[in-house]
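Trainee: Fold the following for me, if possible:
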Amino acid sequence: EYLVAAHIPAYAAALPIVRALTLGLPFWVATHVVIVGTLQSYGLVRHQLGVELGGVAIVIALCTAALLSHQPLWIVATAGSVAAVFTLIIGALVVFRSEAPTGMRSALVFALFSAIQGAALLAAVLLGGHWLRQTLVYAAISLVPTLLAARRARAHGW
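Mentor: Here you go, the predicted structure:
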């Protein structure tokens, strides 16, 4: 944000939109890496397609509602991030109901880690200040869940 404000100030007004989209990013990544990857690896491509198309439908519904009610663009972007959360939840339910051998505990731990990462980002943005301060706040809050997730992945040979 500092670099945008300092070097291309014409785009500084769009930063709230970027923040709103960034909040949904961990959920989109989780959906596409974990949920879709799991369904695909077990050959459940119809389920995978259903999750993907369901996510598109949720984005269209929420963003269209925001646009039709003449909300600012950062609200429309927030609707997209909310759609990411709903898509992840629905995708997790699809995986649990499918033949893929997954555990509820693993999914809940992953969801918790994702929520902490999102909260760290939100806290850093809300605290504001210099970009370096925001980065350090985010890194400090997200360090523990990131290390725990890396440890779990390493234990599974990833």
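Trainee: where do the helices sit along the chain?
Mentor: Ranges of helices within the chain are 2-7, 15-30, 36-41, 45-68, 73-97, 104-127, 131-155, based on DSSP state H.
Trainee: so where's this protein uncertain?
Mentor: Per-residue confidence of the chain (counting by pLDDT under 70) places the weak regions at 101-108, 110, 153, 156-158.
Trainee: circling back: got JSON lines for the helices of the chain, with mean neighbour count too?
Mentor: No exception for glycine: its C-beta is placed from N, CA and C like everyone else's. Converted to JSON lines, the helices of the chain look like this (neighbours: other C-beta atoms under 10 Å):
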{"stretch": "helix 2-7", "mean neighbour count": "11"}
{"stretch": "helix 15-30", "mean neighbour count": "18"}
{"stretch": "helix 36-41", "mean neighbour count": "17"}
{"stretch": "helix 45-68", "mean neighbour count": "16"}
{"stretch": "helix 73-97", "mean neighbour count": "19"}
{"stretch": "helix 104-127", "mean neighbour count": "16"}
{"stretch": "helix 131-155", "mean neighbour count": "14"}
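Trainee: mind listing what residue 22 touches?
Mentor: Under the criterion of C-beta atoms under 8 Å, 6 or more residues apart in numbering, the contact partners of residue 22 comprise residue 121.
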